[in-house]
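Q: requesting a structural model of the entry that follows:
(one chain, ligands or ions: 1)
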Amino acid sequence: MLGTVPEAAREPDAREEHGPEPPAETGRPAILRAEAWRDMLRYLRPQRRLILVGGGLSLLGGFSGLIQPVIAKSVVENLESRTPVMSALIALTALVLVSAVVGAIGTFILMRVSESVVLSTRREVIRRVLWLRVSETDKIPPGDLMSRATADTTLMRSAVTTAIVETVNGSVMLVAILVLMGFMDWVLLLTTLAVVLLGGVLVATGLPQLENAARRAQEGVAELSTALERALGTFRTIKASGAEEAEAEIAERGARHAWQHSLKVARLDSLVGAFITVTIQVAFLAVLGVGGARVASDAMSLGSLIAFLLYLFYLVPPLGALVTAMIRFNVVAAAMSRVGELLRLRTEPYSPAPVRPVPGRDAAAAGRDAPVPASVTFEDVVFRYPGEGPVVHHGISFEVPAAGMTAFVGPSGAGKSTVFSLIERFYEPQGGTVRLDGRDIRDLDLGELRGAIGYVEQDAPVLAGTIRDNLCIGMPYVEEGELRRVVGQARLDGLVDRLPHGLDTEVGHRGTKLSGGERQRVAVARALLRRPRLLLLDEVTSQLDARNENALREVITGITAQTTVVVVAHRLSTVSMADRIVVMDGGRIRAVGTHEELLSEDALYRELAATQMLLPVSEPAATTVRANDILGEGP
Ligand SMILES: Nc1ncnc2c1ncn2[C@@H]1O[C@H](COP(=O)(O)OP(=O)(O)OP(=O)(O)O)[C@@H](O)[C@H]1O
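A: Residues are numbered from 1 along each chain as shown. Just a heads-up that it's a prediction; the model follows:
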């Protein structure tokens, strides 16, 4: 039986209530925005120890490099005073080696941390995506979701190495070098600072544009993957319609947008690189002029000027690193905001749990528990899909008693399939109550609710993988005998015997290697394997031939003692055998009764039965009223 959800678990948390937020358009570079740092630190916090170790080592490598000009200075001075320089040269060589090795270890640790950040973000994204509410999947197309989960998280890789560590290391090194330069000669330091600060201000003005371009480039990638996902999802239709060129155009548009904006990033990136070089060259000339004059006036030694100039060129890596870090930070911030939008999409109101046997489902499937049929009640249910669409259910009420078979019929768009979506809680009604066994389904644990239900969608989706994979989705423990039983029940045994690898035969992307009818039977077998208490079948016989439809009808009739079966169907042969038929029209319940009662009492049902909507297979409309004939032997 179904358990009750604790109150806390029913309420979606505040974060879930918010849809995607628009990107921050403050005009300030991300590196100056508190929320960008907060986001960044949230991803980095779990790795803080390794970041400290790796960052510390690369800083150490950098510092040991800083001593090199001091030793170089003493080498020059020793040469001037004709003192031996061998020991200073050995010290210099050792220092170069140590700083290279320590720096390399630090870099490796940081890269490892970067990969871990990407992995943990992807895991979070995967968990979020698979637990999304069905309604949320309408907001971001699947291709875009995939692009955020892959391309954007890949960009976040540079969050650690370039964006954080290089900002910190670059700043520390910069300060250290400036201090050392100050010790050498403060006049030259002021000259250098004046030039470098001017350059820094100019670079900072271009950063917001860069972030914007980076975000647009990622959106272009998302556009491309959405277009490809759309084309590959309907591949045969695209081919049959000769629409390859048109679809290629749409996908290329995304690729071109990504290219355009990536070029903008590259342009800004290379401008900044050239700008740093020019800044240092200008600083070099200024220092050479001012320094030369100071050496000539004996205000400083030639060795100090050479060492100062060396330090000036030592400024290039930390300055470059700082600017690259600022650029990366902005690119990463753009990626993080896209991933953040995905992570803010609302998930279903129960905590994501790892794959686990569902009580009452896997146990039942293993044959230990016979299912107890469930009843369903709709009380004044009002529903409209999110967005601008019309009301789909106008306060509908009906009862599906436990056991037996109930069929829903009605014109296309009447709201029949939506009844199933509400029972499964894919969507929440805006008014009224849906009950299972008399209990409001909002009070039930979602996992257990769905565990009690077997659901076959209208287009009977089959996933890439083997037939066995398809049957056992979400059921880690299935006995072979149980599997064989449902394969026989769904009339799949003939197919499985014919296939080269039986149940382990690959069915291709979305089951393209199977016929439409075979896909329907796989979907039915999958639902039966769960030994559901309630079986929802949406148009499962539409693609079956008369023989297989007849067999499936027998199976359905056979299980109605232990499972409540609810079908949506247009074929008379499927619905007329139902214990009760609910006629829907325009989002309202029009009539409820048996086939015979409805034939005599409801005009719409009579009309449906007489037209192609409820045609018995291979029989003319005029004979459709002879339901018992059809039920008995099949067409
Ligand atoms: N995800 C959705 N978002 C917005 N509107 C939807 C969505 N799914 C269905 N609708 C609309 O809701 C209405 C009822 O759809 P539903 O699928 O329940 O009808 P149906 O009676 O099962 O039709 P059919 O017999 O053709 O399958 C239709 O007008 C449809 O356009």
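Q: quick one: contacts for whatever residue of the stretch 251-400 of the chain ends up closest to the ligand?
A: Evaluated by Cβ to the nearest ligand atom, the stretch 251-400 of the chain has Y385 as its residue closest to the ligand, separated by 3.3 Å. No exception for glycine: its C-beta is placed from N, CA and C like everyone else's. Listed by Cβ atoms under 8 Å, 6 or more residues apart in numbering, the contact set of Y385 reads 135, 392, 427.
Q: considering the residues you listed, which possesses the most neighbours?
A: V392 (23 neighbours; other Cβ atoms under 10 Å).
Q: and the gap between the residue nearest to that residue when sequence neighbours are not counted and Y314?
A: The shortest distance from V392 to any non-neighbouring residue, by Cβ to Cβ, 6 or more residues apart in numbering, is to G415 (4.8 Å). Distance from G415 to Y314, counting by Cβ to Cβ, to the nearest Å: 73 Å.
Q: need phi/psi at the residue nearest to V392.
A: phi 110, psi 20 (degrees, to the nearest 10).
Q: could you measure it against A204, distance?
A: From G415 across to A204, the span is 57 Å (Cβ to Cβ).
Q: comparing those two, which residue is more hemmed in?
A: Neighbour count, other Cβ under 10 Å: between G415 and A204, G415 has more, with 23 against 15.
Q: hang on, that one packs against P390?
A: No: contact between G415 and P390 fails when scored by Cβ atoms under 8 Å: they sit 10.4 Å apart.
Q: moving C-terminal of the longest helix seen in the chain, what's the next helix or strand?
A: Determined from DSSP state H, the single longest helix within the chain is helix 244-296. Per DSSP states H and E, the first helix or strand lying C-terminal to helix 244-296 is helix 302-314.
Q: contacts for that following helix?
A: The contact list for helix 302-314 (Cβ under 8 Å, 6+ apart) reads 65-66, 69-70, 72-73, 76-77, 80, 177, 180-181, 184-185, 188, 192, 280, 283-284, 287-288, 291-292, 294-295.
Q: ok, back up a step: and the longest helix of the chain, what does it pack onto?
A: helix 186-205, helix 207-233, helix 302-314, helix 316-343 (3 or more Cβ pairs under 8 Å, 6 or more residues apart in numbering; DSSP states H and E).
Q: what angle separates it from helix 316-343?
A: 150 degrees (axes from the mean of the first three to the mean of the last three Cα atoms, to 10 degrees).
Q: list the buried ones in the helix or strand where D380 lies?
A: Here D380, judged by DSSP H and E, is contained in strand 376-384. Within strand 376-384, the residues that count as buried by 16 or more other Cβ atoms under 10 Å are 376-378, 381, 383-384.
Q: off-centre distance for whatever helix or strand S120 lives in?
A: Element membership for S120 (DSSP H and E) is helix 86-130. From the chain centre to the centre of helix 86-130 is a distance of 28 Å (Cα atoms, centre = their mean, to the nearest Å).
Q: so what secondary structure elements neighbour that helix?
A: Against helix 86-130 (3+ Cβ pairs under 8 Å, 6+ apart) you get helix 34-44, helix 48-80, helix 153-155, helix 316-343.
Q: okay if I get those helices as a markdown table plus distance to the ligand?
A: Below are the helices and strands packed on helix 86-130 laid out as a markdown table (distance: least, Cβ to the nearest ligand atom, whole Å):
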| stretch | distance to the ligand |
| --- | --- |
| helix 34-44 | 32 |
| helix 48-80 | 43 |
| helix 153-155 | 28 |
| helix 316-343 | 20 |
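Q: from the ones you listed, which stretch is densest packed?
A: Greatest average neighbour count among the helices and strands packed on helix 86-130 goes to helix 316-343 (a mean of 23), per mean count of other Cβ atoms under 10 Å.
Q: relative to helix 34-44, how tilted is that helix?
A: 90 degrees.
Q: mean confidence score for helix 316-343?
A: Average pLDDT, helix 316-343: 81.
Q: from the contact counts, what lies against that helix?
A: Looks like helix 316-343 contacts helix 34-44, helix 86-130, helix 153-155, helix 158, helix 166-184, helix 186-205, helix 207-233, helix 244-296 (3+ Cβ pairs under 8 Å, 6+ apart).
Q: relative to the whole chain's centre, how far out is it?
A: Averaging C-alpha positions (Cα atoms, centre = their mean) puts helix 316-343 21 Å from its chain's average.
Q: residues contacting the residue found closest to Y311 once you drop the neighbours it is linked to in the chain?
A: In space, and not counting its chain neighbours, Y311 is closest to M181: 5.0 Å by Cβ to Cβ, 6+ apart. Taking Cβ under 8 Å, 6+ apart, we find M181 in contact with 188-189, 192, 308, 311-312.
Q: make a markdown table out of the residues you listed and add distance to A36 and neighbour count.
A: Putting these into a markdown table (distance: Cβ to Cβ, whole Å; neighbours: other Cβ atoms under 10 Å) gives the following:
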| residue | distance to A36 | neighbour count |
| --- | --- | --- |
| L188 | 36 | 25 |
| L189 | 32 | 19 |
| T192 | 30 | 27 |
| F308 | 37 | 24 |
| Y311 | 32 | 23 |
| L312 | 32 | 23 |
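Q: the ligand contacts on the stretch 301-450 of the chain?
A: 385, 389, 392, 410, 412-418 (Cβ under 6 Å from any ligand atom).
Q: so which of those residues belong to helices?
A: Per DSSP H, these map to helices at 416-418.
Q: break this protein into its domains for me.
A: Domain segmentation of the chain under the TED database yields 30-344, 371-612.
Q: least reliable of those going by mean pLDDT?
A: domain 30-344 (a mean of 83).
Q: and it, how far out from the chain's middle?
A: 27 Å.
Q: go on, stretch 467-474?
A: Offset of stretch 467-474 from its chain centre (Cα atoms, centre = their mean): 23 Å.
Q: buried sites along it?
A: Within stretch 467-474, the residues that qualify as buried are 467-468, 470-472, counting by 16+ other Cβ under 10 Å.
Q: which pair in the residues you listed spans the largest distance?
A: I467 and C472 (9.6 Å; Cβ to Cβ).
Q: common neighbours of the two, please.
A: With contacts taken as Cβ under 8 Å, 6+ apart, I467 and C472 have no neighbour in common.
Q: got a quick ChimeraX command for the buried subset of the residues of the stretch 301-450 of the chain next to the ligand?
A: To isolate the buried ones among those in ChimeraX, judged by 16+ other Cβ under 10 Å, type:
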select :392,410,414,415,416,417,418
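Q: for the residues of the stretch 301-450 of the chain next to the ligand, which one is nearest V85?
A: For those, the residue nearest V85 by Cβ to Cβ is Y385; the value is 82.2 Å.
Q: name the helix or strand for R468, please.
A: With DSSP H and E as the test, R468 turns up in helix 467-471.
Q: same for that helix, what does it pack against?
A: In terms of contacts (3+ Cβ pairs under 8 Å, 6+ apart), helix 467-471 is packed against helix 480-489, helix 516-529.
Q: got JSON lines for the ones in helices among the residues of the stretch 301-450 of the chain next to the ligand, with distance to P371 too?
A: Output for those, formatted as JSON lines (distance: Cβ to Cβ, whole Å):
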{"residue": "K416", "distance to P371": "24"}
{"residue": "S417", "distance to P371": "24"}
{"residue": "T418", "distance to P371": "25"}
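Q: measure the residue in the stretch 1-150 of the chain positioned nearest to the ligand to V331 for me?
A: Relative to the ligand, the nearest point of the stretch 1-150 of the chain is D138 (6.2 Å; Cβ to the nearest ligand atom). To V331, D138 is 29 Å away according to Cβ to Cβ.
Q: over to V76?
A: V76 sits at a distance of 42 Å from V331 (criterion: Cβ to Cβ).
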